[in-house]
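Student: Predicted model follows, preceded by the sequence.
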Amino acid sequence: MQFKYMTAAQSAEWFKASSDKAIDIALAEIVIGWHGVMDDQGKEAPFTKEALQQLLLAYQPASLEIVRAWQQGLTESRVKN
């Protein structure tokens, strides 16, 4: 997954605002792309909001895993710099 970068204040605001949104809409605000996601024919699926929605419907734990990965990326970036 490729994620939009946000500052700590921006990510806190995203969490606050996203509680009133459908998860696919909220995640579409932070996910900007992906690599290695395959479709039913075994071909790499291009990232779209609709494809993200399909992933979330097919694999329910994905939403929490995506948010955790995004948070981890933001936290690790700050630690490294």
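Tutor: Ah, there it is.

Student: Please report how far the most centrally placed residue in the chain lies from G42.
Tutor: Nearest residue to the geometric centre of the chain (C-alpha atoms, centre = their mean): V31, 3.9 Å. Distance of V31 to G42, computed by C-beta to C-beta, to the nearest Å: 22 Å. The way it works is simple: take the backbone N, C-alpha and C, and place the C-beta from them, glycine included.

Student: same thing with A58?
Tutor: 15 Å.

Student: Contacts only, for G36.
Tutor: By C-beta atoms under 8 Å, 6 or more residues apart in numbering, the contact set of G36 is E44.

Student: Buried ones in stretch 21-29, by neighbour count?
Tutor: Neighbour-count burial for stretch 21-29 flags 23-24, 26-28 (criterion: 16 or more other C-beta atoms under 10 Å).

Student: got the contact list for P46?
Tutor: Residues near P46 by C-beta under 8 Å, 6+ apart: none.

Student: which SSE is it in?
Tutor: Using DSSP states H and E, P46 maps to neither a helix nor a strand.

Student: All set now, cheers.
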